[in-house]
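> Quick check, what structure comes out for this input:
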Amino acid sequence: MIAARSSRRPQRWLVGALATTLAFLLAPAGVARAADGPVPVPPYTGMTDRGAGPVSAADRDFVIKVRLAGLWEIPAGNMAMEKSKDPRIKNIGKTISGQHVVLDKLDIAVAKKLGIALPNLPNTDQQVWLNEMKNAPTPQQFDQIYIDRLRAAHGKIFPAIATIRASTRNDSVRKLAQDTNQFVMTHMTLLESSGILDYSQLPTAPAPAAAGGPVPVDNAMLAAAGSSSGVPGVNTSVILLVLAGALVAGVVTTMRIFRTR
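So this is what the prediction gives:
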């Protein structure tokens, strides 16, 4: 009896191992990914802040625009805390205003390092927006103006941040662009979380430019893209079935060896 039981144990173990391995091989690759992880913050690996590198006209304009953003969004956030009756809007205003104070300090430090003169007052458009908020007749109308104007403004500066982050030759401007990107993404998400944003009022993206001619087709690349394994002409399902078959053959052989003992 002892010998019989001991011979069954490895067989059961092998069957369990076979089932587990087959399930692993045949499971879709996406299962291994986290469904709802935190939004990653880009690391600062290799980034410096010495003011090194030439400063372009676009770099200077970007540093000035970051300053202008704070000059109107800080008082706008303060108004949200005072004029809104909605706790969500109050919290959004407080958060955005406070974060712009931090970003403004970063921007001023870069401007001093690079010798860029910064404005001390909002521009004409920003002053108009502040006056709209100030003169809103009801708290609900203030909330709508506040959310819509700030979200539209963040949408305009967002592409500018990407352009500077990708093209600047100056390390301090590059780091400022990366910092600013995180703030702007946070603010856009906060404004959208209000639930009252009128998306229909946001500007639409420009139509893509027409292609200058036919795009050459790489048939080998298309074949590789057609198979999830990345190998032209070979499908991942075929590979998995071959591996599974080899595993079954190995298990059967091993079980036969145990039976002969």
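
> tell me the contacts of the nearest residue to residue 42 once chain neighbours are set aside?
Nearest non-adjacent residue to residue 42, counting by C-beta to C-beta, 6 or more residues apart in numbering: residue 178, 6.3 Å away. Using the backbone N, CA and C atoms, a C-beta is placed for each residue, glycine as well. Contacts for residue 178 were tallied using C-beta atoms under 8 Å, 6 or more residues apart in numbering; they are 42, 44, 47, 165.

> of all those, which two lie farthest apart?
By the measure C-beta to C-beta, 44 and 165 form the most distant pair in these, at 12.9 Å.

> Return the helix or strand in this protein with minimum mean pLDDT.
Lowest on mean pLDDT, DSSP states H and E among the helices and strands of the chain sits helix 2-26, with a mean of 52.

> hang on, the earlier thing: ok, so of the contacts of residue 178, who is nearest residue 127?
For those, with residue 127 as the reference and C-beta to C-beta as the criterion, the closest is residue 165, at 28.5 Å.

> before we move on, back to that, most neighbours among the contacts of residue 178, please name it.
Counting by other C-beta atoms under 10 Å, residue 165 has the largest number of neighbours within those, with 18 neighbours.

> which residues touch that one?
Contacts of residue 165 by C-beta under 8 Å, 6+ apart are 174, 177, 178, 181.

> What is the burial count for the nearest residue to residue 181 once chain neighbours are set aside?
Of all residues not flanking residue 181 in the chain, residue 161 sits nearest, at 5.0 Å (C-beta to C-beta, 6+ apart). Residue 161 has 23 neighbouring residues, counting by other C-beta under 10 Å.

> now the helices: where do they sit in the stretch 151-261 of the chain?
Ranges of helices within the stretch 151-261 of the chain are 171-192, 219-226, 236-260, based on DSSP state H, counting those that start in this stretch.

> Kindly report the same for the stretch 1-150 of the chain.
Under DSSP H, counting those that start in this stretch, the stretch 1-150 of the chain gives helices at 2-26, 57-83, 87-114, 124-134, 139-167.

> Cheers, nothing more for now.
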